[in-house]
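Peer 1: just coords:
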């Protein structure tokens, strides 16, 4: 699936791998995973709808 950035700062860049996060930020990062999956599903659905209407 296309990983279109949604403004989250790309925490997986090579220069960010050795950053120590505080406990609240660690929790936020862990919560980010299911949120990102839901956003990807939403984005894919929106793209299908857009294609359906543009082909009509």
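Peer 2: Looks like it came in fine. Predicted model, so just to flag it, every value in this text is computed and none were measured.

Peer 1: Which residue ranges of this protein form helices?
Peer 2: Remark: helices assigned in the chain by DSSP state H are 23-54.

Peer 1: Poorly predicted segments of it, please.
Peer 2: Along the chain, segments meeting pLDDT under 70 span 1-17, 56.

Peer 1: switch to 50 and redo it
Peer 2: Residues of the chain meeting the criterion pLDDT under 50: 1, 5-7.

Peer 1: Can you give me the buried ones in stretch 18-34?
Peer 2: Across stretch 18-34, burial judged by 16 or more other Cβ atoms under 10 Å covers no residue at all. The way it works is simple: take the backbone N, C-alpha and C, and place the C-beta from them, glycine included.

Peer 1: Look up how far residue 43 lies from residue 50.
Peer 2: Residue 50 is 10 Å from residue 43, where distance means Cβ to Cβ, to the nearest Å.

Peer 1: Please identify which of those two sits among more neighbours.
Peer 2: More neighbours surround residue 43 than the other of residue 50 and residue 43, with 15 against 10 (other Cβ atoms under 10 Å).

Peer 1: what's the spacing between the more buried one and residue 24?
Peer 2: 27 Å.
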